[in-house]
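In: Output the structure for:
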Amino acid sequence: MYHDHGTSEQFHSELKSDMDVERLASGKFDTNQLILHIGMYSFNILREIGMKMLDFKEDAPISMNVKRKRHKSVIRDIINTAAKWITHEGYKIVKFGRNFRWFNVFKKIYLSYC
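Out: Numbering: from 1, shown residues only. Now for the predicted structure:
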C-alpha cells in the first residue's frame, strides 16, 4: 500500500512549492479548478521534459546520476533560458547566448518533438 510513498510525496511537494500552487488564488471554485488544471498540464509537460533530459545524459554539462529531474531543475536549466527571436530574410531564427551550456540537450529535446 505504501510502495513508493516517498516519491508520491515528493511529486506533491514539487507541485506545491516549485510550481507555486501552495495557496490558490481565488475563493471561487471555478477559478481554482482552472488554476489546478493549468498546473496539472504544466506539471506533466515539465515531467516529460525532465525524462527527456535523462535520455541525453551524455550531452549534459553536468553529470546526472539520478532517476528523474526535479521540476525546479528543469525550469532552471531548460525553460528559463535567455533567447532572442530574429526574423531575417523571411526566416525565423531563435538565437541563444554563447554561454548556454544546455544547448545540445535543449536541441535534442526540441528535435524529439518535431
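In: only C-alpha atoms for contact and neighbour calcs from this point on.
Out: Fine.
In: Could you list which residues are in contact with the spatially most central residue of the chain?
Out: Taking Cα atoms, centre = their mean, the centroid of the chain lies closest to residue 46, which sits 3.2 Å from it. With contact set as Cα atoms under 8 Å, 6 or more residues apart in numbering, residue 46 has these partners: 71, 74, 75.
In: Check which residues of the host helix or strand of it are buried.
Out: Using DSSP states H and E, residue 46 sits in helix 29-55. Going by neighbour count (16 or more other Cα atoms under 10 Å), the buried part of helix 29-55 is 39, 43, 46, 47, 49, 50, 51, 52, 53, 54.
In: Which one of those is nearest to residue 99?
Out: residue 53 (18.6 Å; Cα to Cα).
In: Let's verify the nearest residue to that closest one once chain neighbours are set aside: helix, strand, or coil?
Out: Leaving out its chain neighbours, the residue that sits closest to residue 53 by Cα to Cα, 6 or more residues apart in numbering is residue 105, at 6.6 Å. Put simply, residue 105 is helix when judged by DSSP: H, G, I helix; E, B strand; the rest coil.
In: which residues sit in contact with residue 105?
Out: Counting by Cα under 8 Å, 6+ apart, residue 105 has contacts 53, 56, 59, 60.
In: Show me which of these are buried.
Out: Buried, going by 16+ other Cα under 10 Å: 53, 59, 60, out of those.
In: Only alpha carbons, please: show the helix or strand harbouring residue 72 as CSV.
Out: For residue 72, the element it lies in under DSSP H and E is helix 71-74. Listed next in CSV are the C-alpha coordinates belonging to helix 71-74 (Å, rounded to 0.1, in the frame of the first residue of the first chain):
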residue,chain,number,x,y,z
HIS,A,71,10.8,20.4,-11.8
LYS,A,72,12.8,23.2,-10.4
SER,A,73,15.9,21.9,-12.2
VAL,A,74,14.1,21.6,-15.5
